[in-house]
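Participant: generate a structure from the sequence data that follows.
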Amino acid sequence: MNVRTRILEAAADLLSRSSEADFSTRAVCDAAGVGAPALYRQFGDKEGLLSAVVDFGFEQYLAGKRAARPSADPVQDLRDGWDNHVAFAVENPNYYRLMFSPGLSAPPAAVAEAHELLLAVLRRCAAAGRLRISPETAARMVMSANSGVALSLISRPAFYPDPDFSRRVRDAVIGAATVPNDASTEGDPSADTTAAMAVALGARLQEAPPDALTEEETALLRQWLRRLADASPTA
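Facilitator: Residues are numbered from 1 along each chain as shown. A predicted model of the protein is given here:
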């Protein structure tokens, strides 16, 4: 085992057992059997080590996300992703708190990858005509609500005794961003249907840009479609 891995495993073990979701670099060095210079040479400073530990801890979670096979229903995949996210937080509260800690000046790489994996599912929803807003806006909605629920459950579990709390919020948020599977778009002039059609066309343009348009024209069309998708129904 190389020095970097020894330090990460020692820090991860200390973090998982800490009541305050923190550790000292001295304790990490003692547990890893290395001197402080070796730690700082590998990670720069404690913040760099903390970010690396979060990525190290989230690797198993992200590996499962990467390996997940898309089902025929992307909206159900979205719900399953929400549930897996919350389950990971509940099982690994210290990793999760650290992942969203405002004390880190730069978010760990795991945050960015989790966001991209969420976007990929939402783009599948869009291509299937199931999204009523742009994938980018939906990703911000889902991620903020999903992480908010997870942080609430691990920070103050006594305030959230309802076992269906996460599911209720999940269904409300995803229901606001998607359209039902059996919804018909033919002859329906509603704002929601227009938005879903705009989102679906935008997704298809991204997957297969038309030869009849230049790159600039395609980019402009996608911008217009995003505006249609995210426009308020009352505007």
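Participant: apart from its chain neighbours, what residue comes closest to Leu174?
Facilitator: Heads up, residue 174 is Ile, not Leu. Counting by CB to CB, 6 or more residues apart in numbering, the nearest residue to Ile174 once its immediate chain neighbours are dropped is Leu78, at 5.8 Å. From N, CA and C alone the C-beta is placed, and that goes for glycine too.
Participant: okay, buried residues for the host helix or strand of the one you found please.
Facilitator: When elements are defined using DSSP states H and E, Leu78 is found to belong to helix 74-91. Within helix 74-91, the residues that count as buried by 16 or more other CB atoms under 10 Å are 74-75, 77-78, 81-82, 85-86, 88-89.
Participant: can you check stretch 46-54 too?
Facilitator: Neighbour-count burial for stretch 46-54, with 16+ other CB under 10 Å as criterion, is recorded at 46, 49-54.
Participant: now stretch 208-226
Facilitator: Within stretch 208-226, the residues scored as buried using 16+ other CB under 10 Å are 209, 221-222, 225-226.
Participant: ok, now how distant is Val34 from Gly44?
Facilitator: Spatial separation of Val34 from Gly44 under the definition CB to CB, to the nearest Å is 15 Å.
Participant: list the contacts for the nearest residue to Trp82 once chain neighbours are set aside?
Facilitator: Take Trp82 and drop its neighbours on the chain: the residue closest to it by CB to CB, 6+ apart is Arg170, 4.6 Å away. Contacts for Arg170 (CB atoms under 8 Å, 6 or more residues apart in numbering) come out as 79, 82-83, 145-146, 149.
Participant: just how off-centre is whatever helix or strand Asn146 lives in within its chain?
Facilitator: In this assignment (DSSP H and E), Asn146 forms part of helix 135-155. For helix 135-155, the gap between its own C-alpha mean and the chain's C-alpha mean amounts to 8 Å (CA atoms, centre = their mean, to the nearest Å).
Participant: and for stretch 77-97?
Facilitator: Averaged C-alpha coordinates place stretch 77-97 at 10 Å from its chain's average position (CA atoms, centre = their mean).
Participant: please list all residues in contact with Gly35.
Facilitator: Listed by CB under 8 Å, 6+ apart, the contact partners of Gly35 are Cys29.
Participant: likewise Leu39?
Facilitator: Neighbour list for Leu39: 7, 25, 28-29, 32, 49 [criterion: CB under 8 Å, 6+ apart].
Participant: again, only using 10 Å
Facilitator: When contacts are counted by CB atoms under 10 Å, 6 or more residues apart in numbering, Leu39 touches 3-4, 7, 10-11, 25-26, 28-29, 32, 45-46, 48-49.
Participant: how near is Ala112 to Gly129?
Facilitator: Using CB to CB, one gets 28 Å for the distance from Ala112 to Gly129.
Participant: same thing with Ser51?
Facilitator: Look at Ser51 and Gly129: by CB to CB, they are 39 Å apart.
Participant: as JSON lines, the buried residues of stretch 46-54 with distance to Met141 would be great.
Facilitator: Conversion of those to JSON lines gives the following (distance: CB to CB, whole Å):
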{"residue": "Lys46", "distance to Met141": "33"}
{"residue": "Leu49", "distance to Met141": "32"}
{"residue": "Leu50", "distance to Met141": "28"}
{"residue": "Ser51", "distance to Met141": "26"}
{"residue": "Ala52", "distance to Met141": "30"}
{"residue": "Val53", "distance to Met141": "29"}
{"residue": "Val54", "distance to Met141": "23"}
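Participant: ok, so of those residues, who is nearest Arg17?
Facilitator: If you rank the buried residues of stretch 46-54 by distance to Arg17 using CB to CB, Val53 comes first, at 13.1 Å.
Participant: now that closest one, what's its secondary structure?
Facilitator: With DSSP: H, G, I helix; E, B strand; the rest coil as the basis, the three-state label of Val53 is helix.
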